[in-house]
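[1] structure of the sequence below:
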Amino acid sequence: MTTSETENKSHFRGSILLFGGRIFALVVNFAVQVITIRYLSKADFGILAFAVSVTGMFSVFCLIGLDKSISRYLTVYFEANDYQKFWGTVVLSFGSVSFIGLCVVTAIVTAFQFERDVFGIQPKTLHVLAIVSGLIVAETLNSLFVSFFAVLSEARSIFFRRHVLGPTLKLIAVVIVALNGGSVFQFAAGQLLAVVIATLTCFPMLWSAISKHSKLIWPGVANLRLPLNDFFVHGLGLLIGDLGFLLRGALVPIIIGLNFPADEVASYQSAFTIARLNEFVLLTFSILFLPKAAKLSHDSDSRRLQSLVETTSVWIILLSLPLFSLTFLAGNSLPRLIFGEEYQSSGLILQWLALGFFINASFGINLRLMRTVGKLRFVILGDVLIILFSLLAIWLLIPQFGPIGAAYAVLASYIFQNVVYQYLAAKHTHIKPLSLPILSPFIAVLLLVFAARIAQSSFQIPDVFGPLLAGLVTLVVIGLFYQRLGVPEFFPELRNLPLIGKKTKSVKR
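    Numbering: from 1, shown residues only. Model prediction:
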């Protein structure tokens, strides 16, 4: 086996490990959301969702794109054995993020202590916001740790910290608070404590990861080289792209909360909680894709980079299909079944949000590719266009239509974003972002899912059969495109398993 084949095998095996971990995290985090939504009143959940959205917005600003810059620059410095810049970048990123985050937390807590009416926010909401503000520092540091582990190919560390320990601690916290009859304030404090504990465990894990690389010796403070210009310019450029993420994520419930009662925030956020599951495959595969793509781009190996993009995209589309088909075809009944009767109105919101997230999952790897290969000015131009379009959609649709208008705005924004980035990737890289291996499974998914939805409406098929239709669509599409996954190449040990082994052997032949 050649070196490139070994690297590809390691890359996809690591991605599948993270995928399995994210499934576990998905289940546990979803359980946390269900317990929280069912336990709290709809108004209190709306308040908590508003506060967490605000902290999420500030977390993105405090990171200033440095989590993504780490994936690019640390990989380059590591490959070039430039450990003075490597450690300088580590110190620079962790120090900057910690300082900015602490400043923001101090400002929020001070506002709560001395000003009971900030931007029209009610005192109870401001109190909850002050409690969860500590998440800003903890979550930003977590993002940096994950990027650092990815550079060192520490998939198992990411698996344990991000997908096992963190979600488990949150579940323990929410169960303890619920069993003791806690209020929304105790729910907020419990989630903060869980994240802080999980963040502290990253430090010994980081030391263990570093000790595996004998060359990563601390050069001493005097020998550190801080690439201030390139690092911060690149990070700030990526921050503009993160603003687009904010407009579809944290900012939307904030805008709803400023224009409508807290119940409307809860209606939207409950649907968003389910719909966003459609992007977890993309987020999982992106962790190891970024440093791998950065290395291939640095080596000017466009052939292997094209192969990496195509294979990664097919894996993301096919692994995202089961959740997308379920949330779209059974969307009318899922919020009511999961959260209770008062969330019946979230069904239509869920369907349109699910479609937007699936579109982004299918082609979102090209956005990450553009950010990784260093075409920064084109990335900034694309991000500015996306931000302006998203702001326009939000301004036109949310005040007019409320939560369902927010779903339309998110869908339109995702469609526009992916059109922009397909164009930029095709024009400014050597990659063909809309090659047949990527387009064919995506088109097949949309055709079959929409055909099933039309059949539901035409023949008045009850929602209870939605999961069955989703399962049929999934089996058909995966059957058609199974060979594109390259399972025998990445997991040769499966050939020894009954049924699966027979299929992989036949594919290899």
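[2] which stretches in the stretch 251-400 of the chain count as helices?
    Taking DSSP state H, counting those that start in this stretch, the helices of the stretch 251-400 of the chain run over residues 251-259, 262-275, 280-298, 302-329, 334-339, 346-372, 376-401.
[3] in a markdown table, list those helices along with mean pLDDT and mean neighbour count.
    From N, CA and C alone the C-beta is placed, and that goes for glycine too. Formatted as a markdown table, those follow (pLDDT from 0 to 100; neighbours: other CB atoms under 10 Å):
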| stretch | mean pLDDT | mean neighbour count |
| --- | --- | --- |
| helix 251-259 | 84 | 22 |
| helix 262-275 | 88 | 25 |
| helix 280-298 | 73 | 23 |
| helix 302-329 | 87 | 22 |
| helix 334-339 | 87 | 20 |
| helix 346-372 | 86 | 25 |
| helix 376-401 | 86 | 18 |
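[4] surely His127 touches Phe185?
    Yes. His127 is within contact range of Phe185, at 6.7 Å (criterion: CB atoms under 8 Å).
[5] ok so, going back, I'd like the helices of the stretch 251-400 of the chain laid out as TSV, including distance to Ala43.
    Below are the helices of the stretch 251-400 of the chain laid out as TSV (distance: least, CB to CB, whole Å):
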stretch	distance to Ala43
helix 251-259	11
helix 262-275	5
helix 280-298	29
helix 302-329	26
helix 334-339	14
helix 346-372	15
helix 376-401	19
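[6] quick check: which of these is nearest to Phe24?
    Phe24 lies closest, by CB to CB, to one member of those: helix 280-298, at 11.1 Å.
[7] could you check how far that closest one is from the centre of its chain?
    13 Å (CA atoms, centre = their mean, to the nearest Å).
[8] then stretch 430-443?
    With CA atoms, centre = their mean, you get 22 Å for stretch 430-443.
[9] might you report the residue contacts of Val175?
    Taking CB atoms under 8 Å, 6 or more residues apart in numbering, we find Val175 in contact with Ile35.
[10] swap the cut-off to 10 Å and go again
    Ala31, Val32, Ile35, Gly190 (CB atoms under 10 Å, 6 or more residues apart in numbering).
[11] got it, and Thr327?
    Thr327 neighbours (CB under 10 Å, 6+ apart): 271, 274-278, 334, 350-351, 353-355, 357-358, 466, 470.
[12] farthest-separated two in those?
    Arg276 and Gly466 (19.1 Å).
[13] where are the low-confidence patches of this protein?
    1-19, 115-121, 153-155, 214, 228-248, 287-288, 290-291, 298, 371-376, 486-509 (pLDDT under 70).
[14] among the contacts of Val175, name the buried ones.
    Val32, Ile35, Gly190 (16 or more other CB atoms under 10 Å).
[15] test my guess that the last one contacts Leu48.
    Looking back up the chat, that one is Gly190. No. Gly190 is beyond contact range of Leu48, at 11.2 Å (criterion: CB atoms under 10 Å).
[16] for those two, list the residues in contact with both.
    Thr36, Ile131.
[17] ok, back up a step: so which of the buried ones among the contacts of Val175 belong to strands?
    Among those, DSSP state E puts none in strands.
[18] among those residues, which lie within helices?
    Val32, Ile35, Gly190 (DSSP state H).
[19] closest to His213 among the residues you listed?
    Nearest to His213 among these, with distances taken as CB to CB, is Val32, at 35.2 Å.
[20] so who does that closest one touch?
    Applying CB under 10 Å, 6+ apart, the residues near Val32 are 167-168, 170-175, 187, 190-191, 194, 273.
[21] check the offset of whichever strand or helix holds Val195 from the chain's centre.
    Assigned by DSSP states H and E, Val195 falls within helix 184-200. Helix 184-200 sits 20 Å away from the centroid of its parent chain (CA atoms, centre = their mean).
[22] quick one: buried residues of it?
    Under 16+ other CB under 10 Å, the buried positions of helix 184-200 are 184-195, 198-199.
[23] cool, stretch 418-429 as well?
    Asn418, Val420, Tyr421, Gln422, Leu424, Ala425, Thr429.
[24] narrow the residues you listed to those in helices?
    Going by DSSP H, the helices hold Asn418, Val420, Tyr421, Gln422, Leu424, Ala425 from the buried residues of stretch 418-429.
[25] make JSON lines from those and add distance to Leu226 to it.
    Formatted as JSON lines, those follow (distance: CB to CB, whole Å):
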{"residue": "Asn418", "distance to Leu226": "36"}
{"residue": "Val420", "distance to Leu226": "33"}
{"residue": "Tyr421", "distance to Leu226": "31"}
{"residue": "Gln422", "distance to Leu226": "36"}
{"residue": "Leu424", "distance to Leu226": "30"}
{"residue": "Ala425", "distance to Leu226": "31"}
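[26] related to what we said a few turns ago, and of the helices of the stretch 251-400 of the chain, who's closest to Pro204?
    Of these, nearest to Pro204 by CB to CB is helix 280-298, at 20.6 Å.
[27] and the closest one, what does it pack against?
    helix 3-39, helix 66-79, helix 135-151, helix 155-160, helix 302-329, helix 346-372 (3 or more CB pairs under 10 Å, 6 or more residues apart in numbering; DSSP states H and E).
[28] which one of those lies closest to Leu179?
    Here helix 3-39 is closest among the helices and strands packed on helix 280-298 (CB to CB), at 9.9 Å.
[29] check which element follows the closest one along the chain.
    Next element after helix 3-39 (DSSP H and E): helix 42-63.
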